[in-house]
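Peer 1: here you go, sequence then predicted model.
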Amino acid sequence: MTIPVGAELPPLTVEATPTFVVATALATRDFQDVHHDRDAAVARGSQDVFLNILTDTGLVQRFVTDWAGPDALVRSISLRLGVPCYAGDTLTFTGRVAEVDGDEVTVSVSGTDGLGEHVSATVRIEVTA
Amino acid sequence: MTATERTATGPAAATDEGGRIEAAAREIAAAGPSAADPARDPVNQAMINNWVEAIGDTNPVYTDPDAAAASVHGELVAPPAMAQVWTMRGLHGVRPADDPLRRMTDLLDEAGYTSVVATDSAQTYHRYLRPGEHVAASAVLDDVVGPKRTALGEGWFVTTRTTWYVGDEPVAEMTFRILKFRPPEAETAPGGPDGNAASEGRATTGGKGDDGAGRGEAAAATVLRPVVTRDNAFFWEGLRVGELRIQRWGGTLRHPPGPMAPDGDLDAEPDYIVAAGTGTVYSFVVHHHPPVPGKRLPFVLALVELDEGVRVLGELHGADPGGVHIGLPVEASFDRIDDDLTLPAWKVRS
């Protein structure tokens, strides 16, 4: 399989409902109150509960392997958070192939919500097929 | 505290505290990696199933034995992005005493930087994990930078490096950065957005980090509010209009106000005087710990003997805690919290 540099990944849209925020926080064993307790999140200066970073890592992985297929090996995920993703927002991931070096493919990913860019990430995968 | 006072007293205090935090960070970093701490559970299918269900990841190599067997893995594997999940502390978990993030977090909590937000995560996976394997994590403090003004509040960026092992084999690594910050209601001065968003770690946009509204509005949500009764309502009403009112029963002043004359005369009716507002410190405490909502640590609580003779409690502003002493001349000041509440306070009389 030849992957051209610059190839765009199919976008992924995720509805960050309160249930999604809480379910993913608990599935990643993150019990920080800002991810499940709206009053606590507001008291700490947020407008609502918001996605945790472990979920962002998971979503970025899902976004890339949805495109690359089950045989792609994920080697690294680096991400930087921007604006928060509050409950009730919609998160849209876009990505493009930034680099191809033999079997190794580097993908740049951006996740944006109603407030702006929530996460920017670089994912390195190995595609052997 | 006004912005001017803050400018006058802020930098020295910040430098002191900053130096202390930086020194502690150097010591924690020098201690090196923590002992490898095992995950609560081995890598297991139940947690994988919960995770892929929540994330919405349908990659069959994590959940379908047949598809996994036919894949490059040859068997079921765990999602690489779960690396950190295995060693999360859970609901009641406590980090080991030598954990550098715990040590740094405790230190910053104590200094009033009580809120946390993750800003960066960089994970490298050396290989996929299989159900049944048991990982252990070891962490080292990499870097501590601050204090930085961010849209969330003033804070410190703390970077740690974690390595996950199965036995002696490193299987994954992570560089993780958090911002430990003072929540906005803990800001003591309006200050204005002099630094606006953080210069690094852009996790700082959003939230009600706008501290331009000033101390009062920011603190209103969390400040401990007094119980206003028929007997003391005049006192709180006075503060709202900038008067320090003292209950009077005939010729006797009484504070805190009470329902009955000091001599027990049930027919007596009180009125009040407006105090001149000047007095001296009768006693005081410097509060260092624990953090108090709406207060920046340390702060001074002073019991002031008014020139009229009664003693009134309030926060003393604008004084170096080390320089406060019994007999210090002070005058009344008024901490407006919101339309309904103004708290009595003191400032040093010049």
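Peer 2: Received the coordinates, thanks. Nothing here was measured: the structure is a model prediction, and the numbers come from that model.
Peer 1: can you give me the strands for the stretch 151-300 of chain B?
Peer 2: For the stretch 151-300 of chain B, applying DSSP state E, counting those that start in this stretch gives strands covering B:153-166, B:169-181, B:245-249, B:252-254, B:271-274, B:278-287, B:299-306.
Peer 1: of all residues in chain B, which one is nearest the centre?
Peer 2: residue B:114 (2.5 Å; CA atoms, centre = their mean).
Peer 1: against chain A, how distant is the closest residue to it other than its chain neighbours?
Peer 2: Nearest residue to residue B:114, sequence neighbours excluded (CB to CB, 6 or more residues apart in numbering or on different chains): residue B:291, at 5.4 Å. (Each C-beta comes from the backbone N, C-alpha and C, glycine too.) Residue B:291 sits at a distance of 12 Å from chain A (criterion: CB to the nearest CB, to the nearest Å).
Peer 1: can you pull the contacts of residue B:291?
Peer 2: B:109, B:112, B:114, B:186, B:297 (CB atoms under 8 Å, 6 or more residues apart in numbering or on different chains).
Peer 1: which SSE is the first one in?
Peer 2: Translated: residue B:109. Residue B:109 is part of helix B:100-110 when elements are defined by DSSP states H and E.
Peer 1: same for that helix, what does it pack against?
Peer 2: helix B:3-30, strand B:136-150, strand B:153-166, strand B:169-181 (3 or more CB pairs under 8 Å, 6 or more residues apart in numbering or on different chains; DSSP states H and E).
Peer 1: save the ones you listed as JSON lines, and put in mean pLDDT, mean neighbour count and distance to chain A too.
Peer 2: What follows is the helices and strands packed on helix B:100-110, written out as JSON lines (pLDDT from 0 to 100; neighbours: other CB atoms under 10 Å in any protein chain shown; distance: least, CB to the nearest CB, whole Å):
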{"stretch": "helix B:3-30", "mean pLDDT": "66", "mean neighbour count": "14", "distance to chain A": "20"}
{"stretch": "strand B:136-150", "mean pLDDT": "92", "mean neighbour count": "20", "distance to chain A": "11"}
{"stretch": "strand B:153-166", "mean pLDDT": "94", "mean neighbour count": "22", "distance to chain A": "7"}
{"stretch": "strand B:169-181", "mean pLDDT": "95", "mean neighbour count": "21", "distance to chain A": "8"}
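Peer 1: got those as CSV, with distance to residue B:65 columns?
Peer 2: CSV is the format used below for the helices and strands packed on helix B:100-110 (distance: least, CB to CB, whole Å):
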stretch, distance to residue B:65
helix B:3-30, 44
strand B:136-150, 27
strand B:153-166, 21
strand B:169-181, 22
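Peer 1: residue A:84 contacts residue A:117, correct?
Peer 2: No. If you go by CB atoms under 8 Å, residue A:84 and residue A:117 don't touch, sitting 11.3 Å apart.
Peer 1: hey, where'd the helices end up in the stretch 201-350 of chain B?
Peer 2: Using DSSP state H, counting those that start in this stretch, the helices found in the stretch 201-350 of chain B span residues B:214-220, B:233-240.
Peer 1: hang on, I meant chain A
Peer 2: Ranges of helices in chain A, per DSSP state H, are A:18-27, A:38-43, A:53-68.
Peer 1: out of the ones you listed, deepest packed?
Peer 2: helix A:53-68 (a mean of 24; mean count of other CB atoms under 10 Å in any protein chain shown).
Peer 1: that older thread, between residue A:84 and residue A:117, who's got more neighbours?
Peer 2: More neighbours surround residue A:84 than the other of residue A:84 and residue A:117, with 25 against 15 (other CB atoms under 10 Å in any protein chain shown).
Peer 1: leaving out sequence neighbours, find the closest residue to the more buried one.
Peer 2: residue A:50 (4.3 Å).
Peer 1: so what's that neighbour bridging to?
Peer 2: For residue A:50, the beta-bridge partners are residue A:86 (DSSP bridges).
Peer 1: what residues are up against it?
Peer 2: A:21, A:34-35, A:41, A:84-87.
Peer 1: chain A: strands as residue ranges?
Peer 2: Listed in chain order, the strands of chain A (DSSP state E) span residues A:12-16, A:73-81, A:89-101, A:104-113, A:116-126.
Peer 1: chain B is nearest to which of those strands?
Peer 2: strand A:73-81 (3.9 Å; CB to the nearest CB).
Peer 1: from chain A, how far off is residue B:43?
Peer 2: For residue B:43, the distance to chain A - CB to the nearest CB - is 13 Å.
Peer 1: may I ask which helix or strand of chain A has the lowest mean pLDDT?
Peer 2: helix A:38-43 (a mean of 92; mean pLDDT, DSSP states H and E).
Peer 1: touching chain B at all, that one?
Peer 2: Yes. Helix A:38-43 reaches chain B (CB under 8 Å from any CB of the partner chain) through residue A:43.
Peer 1: neighbours of the residue nearest to residue A:111 when sequence neighbours are not counted, just the number please.
Peer 2: Distance criterion CB to CB, 6+ apart; nearest residue to residue A:111, sequence neighbours excluded, is residue A:119 at 4.2 Å. Other residues near residue A:119 come to 25 when the count uses other CB under 10 Å.
Peer 1: mind checking how far residue A:119 is from residue A:77?
Peer 2: According to CB to CB, to the nearest Å, residue A:119 stands 11 Å off from residue A:77.
Peer 1: which neighbours do those two share?
Peer 2: residue A:60.
Peer 1: just checking, residue B:259 touches residue B:231?
Peer 2: Yes. Counting by CB under 8 Å, residue B:231 is a contact partner of residue B:259 at 4.8 Å.
Peer 1: gap between the residue nearest to the centre of chain B and residue B:279?
Peer 2: 34 Å.
Peer 1: report the contact partners of the closest residue in space to residue B:125 that isn't next to it in sequence.
Peer 2: Counting by CB to CB, 6+ apart, residue B:125 lies nearest to residue B:80, which is 4.1 Å off, once chain neighbours are set aside. Contact partners of residue B:80, counting by CB under 8 Å, 6+ apart, are A:61, A:74, A:77, B:123, B:125, B:128-129, B:172.
Peer 1: just those now: which is nearest residue B:64?
Peer 2: When these are ranked by distance to residue B:64 (CB to CB), residue B:128 comes first, at 15.1 Å.
Peer 1: burial count for the residue lying closest to residue B:96 once chain neighbours are set aside?
Peer 2: Nearest residue to residue B:96 in three dimensions, chain neighbours excluded: residue B:37, at 5.4 Å (CB to CB, 6+ apart). Residue B:37 has 16 neighbours, counted by other CB under 10 Å.
Peer 1: quick check on residue B:37: phi, psi?
Peer 2: When read as degrees, to the nearest 10, the backbone of residue B:37 gives phi -110, psi 120.
Peer 1: sorry, back to before: wait, the residue nearest to the centre of chain B touches residue B:182, no?
Peer 2: Yes. With contact defined as CB under 8 Å, residue B:114 and residue B:182 form a contacting pair (7.0 Å).
Peer 1: distance of residue B:90 from residue B:135?
Peer 2: Remark: distance between residue B:90 and residue B:135 (CB to CB) = 15 Å.
Peer 1: these two: which is more packed in?
Peer 2: residue B:135 (24 against 13).
Peer 1: pull up the per-residue confidence for the more buried one.
Peer 2: pLDDT recorded at residue B:135 is 97.
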